[in-house]
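Undergrad: got a structure for you, letters missing:
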């Protein structure tokens, strides 16, 4: 009996050590304080909003669009964090299902038309579908049963096919990448690998767009000619206009919402809606400080994923979804559509929420 009592005491001691070790790991993942990174994110959002107002002060400008986009992402992220902690499956399944229904109810959503509904822009439809694929994959990871998990995987696959129908090449790559990671996510062991790879990919794409935008004088260059074939000459000309505008107005830019009125390419074509690059438009309208704040917000999102308490599988899907959006927004104006921003915010919020104790991953870890 004494030996049995000593054995039970030893097992209790080991369990208590395991709990303390788990708490220490959680603390490290949250940067030492659960609210520290969230506070930094809130400060960055506030600074970005204040700078937009300062960049618009004293001249004809329209900061409302940028401020609305900023608040939309922040609110959707907060909602994703709260709802994801309570029911990750329900939250993500709702987002994926809503996008699927929206696409089915829009007559020409899958027609591949450039101005197709429901968003009025085929590439934006593709970006929305790519985020819905991520939501379906996250729902599969949190599914309460194998049947629900299978249903979510089927939905993710169908949504990926819908991305093909939108004929948005960047959205197709993003949706397929998210789907592949979602189907193999349970084998993920290191969250940092996906986060770092995503950040590097975005940095390379942004560098490429800036380089192309500043290379107008070398029209005969092989790189530019090849890029123009896939991206269209007009888009690269818009990037050049934004690049030149940022170079001429490096500190405050020309003011939020002024790019179309100041771009020679946009003025010559009434169908042009934007600079087709969130980074270059930000630089043109809000100068270097605006770009730095935008980069800081994206960097914060990647750090928040890296420090998430979620399972590496969930973080992997979230990181790939964020990268797919950031890459697409670097080459197109998909960041100017509120439904896309809502989907991005919710997916990121769920991927960084406190783990749902009823999710499939949490139940598996307790066995």
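TA: Received, thanks. Given the structure is predicted, the values throughout are model-derived calculations rather than measurements.
Undergrad: where does this structure dip in pLDDT?
TA: 1-34, 215-231, 356, 358-367 (pLDDT under 70).
Undergrad: And the spatially most central residue of it, how close does it get to residue 289?
TA: Closest to where the C-alpha atoms of the chain average out (C-alpha atoms, centre = their mean) is residue 322, at 2.8 Å. Remark: distance between residue 322 and residue 289 (C-beta to C-beta, to the nearest Å) = 23 Å. For the C-beta atoms, the positions are set from N, CA and C on the backbone; glycine is no exception.
Undergrad: next one: residue 182
TA: Between residue 182 and residue 289 the distance, using C-beta to C-beta, works out to 37 Å.
Undergrad: before we move on, the earlier item: relative to residue 298, how far out is the residue nearest to the centre of the chain?
TA: Using C-beta to C-beta, we find residue 322 at a distance of 8 Å from residue 298.
Undergrad: How about residue 165?
TA: Spatial separation of residue 165 from residue 298 under the definition C-beta to C-beta is 29 Å.
Undergrad: For these two, indicate the residue with more neighbours.
TA: Neighbour tally, residue 165 and residue 298, criterion other C-beta atoms under 10 Å: the higher count belongs to residue 298, 23 against 18.
Undergrad: Now that one. Nearest residue, chain neighbours left out?
TA: By the measure of C-beta to C-beta, 6 or more residues apart in numbering, the closest residue to residue 298 outside its immediate chain neighbours is residue 326, 6.1 Å from it.
Undergrad: pretty sure that neighbour is touching residue 202, no?
TA: Yes: using C-beta atoms under 8 Å, residue 326 and residue 202 qualify as a contacting pair, with a distance of 4.5 Å.
Undergrad: Please enumerate the shared neighbours of the two.
TA: In terms of C-beta atoms under 8 Å, 6 or more residues apart in numbering, residue 326 and residue 202 are both contacted by the residues residue 298.
Undergrad: Go ahead and confirm residue 112 touches residue 169.
TA: No: taking contacts as C-beta under 8 Å, residue 112 lies outside contact range of residue 169: 11.4 Å.
Undergrad: Could I get the contacting residues of the residue nearest to residue 298?
TA: Contacts for residue 326 were tallied using C-beta under 8 Å, 6+ apart; they are 198, 202, 298.
Undergrad: what helix or strand is residue 59 on?
TA: In this assignment (DSSP states H and E), residue 59 forms part of neither any helix nor any strand.
Undergrad: so what's it closest to, chain neighbours aside?
TA: Closest residue in space to residue 59, ignoring its immediate chain neighbours: residue 255 at 5.3 Å, by C-beta to C-beta, 6+ apart.
Undergrad: Now do the same contact list for that neighbour.
TA: Here residue 255 is in contact with 55, 56, 59, 60, 61, 62, 63, 285 (criterion: C-beta under 8 Å, 6+ apart).
Undergrad: Just checking the distance from the longest helix seen in the chain to the centre of its chain.
TA: Secondary structure of the chain per DSSP state H: the longest helix is helix 64-105. Distance of helix 64-105 from the chain centroid (C-alpha atoms, centre = their mean, to the nearest Å) equals 12 Å.
Undergrad: helices and strands around that helix, which ones?
TA: Applying 3 or more C-beta pairs under 8 Å, 6 or more residues apart in numbering; DSSP states H and E, we find helix 64-105 packed against helix 36-56, helix 122-141, helix 146-165, helix 338-351.
Undergrad: redo that, cut-off 6 Å
TA: Counting by 3 or more C-beta pairs under 6 Å, 6 or more residues apart in numbering; DSSP states H and E, the packing neighbours recorded for helix 64-105 are helix 36-56, helix 122-141, helix 338-351.
Undergrad: Mean neighbour count and distance to residue 160 added to those helices, as TSV?
TA: Compiled in TSV, the helices and strands packed on helix 64-105 are given as follows (neighbours: other C-beta atoms under 10 Å; distance: least, C-beta to C-beta, whole Å):
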stretch	mean neighbour count	distance to residue 160
helix 36-56	17	30
helix 122-141	30	5
helix 338-351	26	15
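Undergrad: measure residue 136 to residue 212 for me?
TA: Look at residue 136 and residue 212: by C-beta to C-beta, they are 34 Å apart.
Undergrad: again but with residue 90, I slipped
TA: With distances defined as C-beta to C-beta, the gap from residue 90 to residue 212 amounts to 43 Å.
Undergrad: for residue 306, same thing?
TA: When distances are taken as C-beta to C-beta, residue 306 and residue 212 turn out to be 30 Å apart.
Undergrad: okay, those two: which has more neighbours?
TA: Between residue 306 and residue 212, counting by other C-beta under 10 Å, residue 212 is the more crowded of the two (23 against 19).
Undergrad: Got phi/psi on that one?
TA: Backbone torsions of residue 212, given as degrees, to the nearest 10, read phi -70, psi -40.
Undergrad: Wait, it touches residue 238, no?
TA: No: Residue 212 sits out of contact with residue 238 when judged by C-beta atoms under 6 Å, with a separation of 10.7 Å.
Undergrad: thinking again about what came up before, so residue 182 and residue 289 - more neighbours on which side?
TA: Set residue 182 next to residue 289 and count neighbours by other C-beta under 10 Å: residue 182 wins out with 28 against 19.
Undergrad: List the contacts of that one.
TA: Applying C-beta atoms under 6 Å, 6 or more residues apart in numbering to residue 182 gives the contacts 137, 317.
Undergrad: and the host helix or strand of it, how far out from the chain's middle?
TA: Using DSSP H and E, residue 182 sits within helix 169-184. From the chain centre to the centre of helix 169-184 is a distance of 13 Å (C-alpha atoms, centre = their mean).
Undergrad: Could you do stretch 264-277 as well?
TA: In terms of C-alpha atoms, centre = their mean, the centre of stretch 264-277 is set 25 Å apart from its chain centre.
Undergrad: again, but for stretch 110-118
TA: From the chain centre to the centre of stretch 110-118 is a distance of 22 Å (C-alpha atoms, centre = their mean).
Undergrad: No more questions from me, cheers.
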